[in-house]
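Q: everything below, folded, please.
(one chain, ligands or ions: 1)
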Amino acid sequence: MHQWNPLGPALWTIVTFSGRPGCWGTSTNLTNIFKMRMLKNLIVRIFRYLFVYCSIAIDLWDIYVHSILSIFLFVRPLPYIKTERSAILITGVSSGIGRYLAHQFAYRGYTVFGTVRNAKDAQKFESDISDLKTKGGKAYGHLHAVVMDVTDKEQCRAAVNSIEARLKRDDLHLHALINNAGFFADVPIALSTDEFKEKMMDINFHGPARLVQLFLPLLTKVKGSRIVNIGSVASFVSGPLLGVYGASKAALRSYSEALNIEYAKLGVSVSHINTGSIDTRMMNQWKDRKPLSQSPYTNVDENDSDTPLYKDMQQLTDQARDMVEYSSGLLYQSEQASCRRVERRLKGSWPLPHYYAGFDSKILRTLCSIMPDNLRVTLTGRQHK
Ligand SMILES: NC(=O)c1ccc[n+]([C@@H]2O[C@H](COP(=O)([O-])OP(=O)(O)OC[C@H]3O[C@@H](n4cnc5c(N)ncnc54)[C@H](OP(=O)(O)O)[C@@H]3O)[C@@H](O)[C@H]2O)c1
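A: Numbering: from 1, shown residues only. The predicted structure follows:
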């Protein structure tokens, strides 16, 4: 098999510098190893700064051009909504971005309803507020757990009723719905099961699509309420093993854009966050090195491991996992990167339909808009037999 990738040397340099052990020769001289480590750290740092400054420039361009255009086009700003009487619903707060967002908004005084899938996570989530108060002493808001699986229609309806009752009781209004709950698994399309594809679409697309309809009556009670859909860079640039996940996120991206226009009439603004690589449980799944025959989402078992299709797909999977693992030191960012975008989205007067969270997301978006499609697909690692 011949693999052609014109960006090979450049990518290899970045990937190597970003943390691959053993790429620095076999020198046993400690001083040399120390110098190499310093050099490696320096280069990772230079690349990160470079990426961050590029992404700031892209951000400024996006925000200022959009705001200036909004003024010239006489787009009316959204009304300012006070934090104290506002509640926010975030799905999937048991870990990662959802949990981080819930904490940040509780700090700022919002009442946060967070959805989890079991009683244990519910208890843990609600007890977080006392931890926040002990640590920071500045958590003014409240955290309420709601048990809900986004794929379960009955639970979603029950959640609307329980949240509505709670809002009435505490004299609050629902300021925002943040569709964050999501699912990811790295499975090559050729070996994926139908159940896997259905599960992916159910959680990443049908779930949010259902919630934006069910919660609409609560959101329209005040003008200027917002919906934020947490999407992914995979919605506009795909790659090996990202096919099914990317398809579900691309559906959400397209849906968000249409909603943005339809719901504007109702006083609800809708944004989509194209999230880059954030260091959470989801991204760490790439490190799981189980063979494809052991994945619950493939239609193969150990007996198939000698077939050419299996071997090719396993090789592709290993290459992709290597690539992610080696570049994680350079690309993975903290949850803060995504939180800043969501916060801006909830407070801003002229919210954008799309935000790009993380420097990799902004740089990829800019590259995709200037690069011919054929070149982009080839650079993503096309294989030639
Ligand atoms: N991390 C990244 O680099 C990255 C990049 C692009 C986009 N995103 C998106 O960001 C969002 C959050 O991901 P994360 O990185 O924070 O991952 P995470 O730590 O794995 O969190 C995922 C959350 O979604 C919940 N969830 C999964 N299936 C659910 C279902 N059927 N019903 C209700 N909740 C469900 C999980 O609950 P359980 O604990 O019960 O499973 C968990 O709370 C996802 O939409 C993801 O696609 C993340």
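
Q: and the helices in the stretch 201-350 of the chain, which stretches?
A: Ranges of helices in the stretch 201-350 of the chain, per DSSP state H, counting those that start in this stretch, are 207-214, 216-219, 243-264, 281-284, 308-331, 336-347.

Q: need those helices in TSV (columns: mean pLDDT and distance to residue 359).
A: Where you see a C-beta, it was placed from the backbone N, CA and C, and this is true even at glycine. TSV is the format used below for the helices of the stretch 201-350 of the chain (pLDDT from 0 to 100; distance: least, Cβ to Cβ, whole Å):
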stretch	mean pLDDT	distance to residue 359
helix 207-214	98	25
helix 216-219	97	32
helix 243-264	96	19
helix 281-284	88	15
helix 308-331	88	8
helix 336-347	77	8
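
Q: residue 116: how many residues sit nearby?
A: 25 (other Cβ atoms under 10 Å).

Q: list phi and psi for it.
A: The phi/psi pair for residue 116 (degrees, to the nearest 10) reads phi -130, psi 170.

Q: which strand residues bridge it?
A: Here residue 116 sits in beta bridges with residue 147, as judged by DSSP bridges.

Q: quick one: pLDDT of it?
A: The model reports residue 116 with a pLDDT of 98.

Q: give me every residue that touches it.
A: Listed by Cβ atoms under 8 Å, 6 or more residues apart in numbering, the contact set of residue 116 reads 92, 93, 94, 122, 125, 145, 146, 147, 148.

Q: before we move on, back to that, relative to residue 46, which of the helices of the stretch 201-350 of the chain is closest?
A: Across those, residue 46 has its closest neighbour in helix 308-331 (10.6 Å, Cβ to Cβ).

Q: buried set for that closest one?
A: Going by neighbour count (16 or more other Cβ atoms under 10 Å), the buried part of helix 308-331 is 310, 313-314, 316-317, 320-321, 323-331.

Q: quick one, strands of the stretch 151-300 of the chain?
A: 173-179, 225-232, 268-275 (DSSP state E, counting those that start in this stretch).

Q: I'd like those strands as JSON lines, with distance to residue 354, mean pLDDT and mean neighbour count appended.
A: Output for these, formatted as JSON lines (distance: least, Cβ to Cβ, whole Å; pLDDT from 0 to 100; neighbours: other Cβ atoms under 10 Å):
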{"stretch": "strand 173-179", "distance to residue 354": "15", "mean pLDDT": "96", "mean neighbour count": "24"}
{"stretch": "strand 225-232", "distance to residue 354": "9", "mean pLDDT": "96", "mean neighbour count": "27"}
{"stretch": "strand 268-275", "distance to residue 354": "5", "mean pLDDT": "94", "mean neighbour count": "25"}
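
Q: what's the neighbour count on the residue nearest to residue 210 when sequence neighbours are not counted?
A: Nearest residue to residue 210, sequence neighbours excluded (Cβ to Cβ, 6 or more residues apart in numbering): residue 156, at 5.8 Å. Counted with other Cβ under 10 Å, residues neighbouring residue 156 total 20.

Q: contacting residues for residue 156?
A: By Cβ under 8 Å, 6+ apart, the contact list for residue 156 reads 148, 150, 207, 210, 211, 214.
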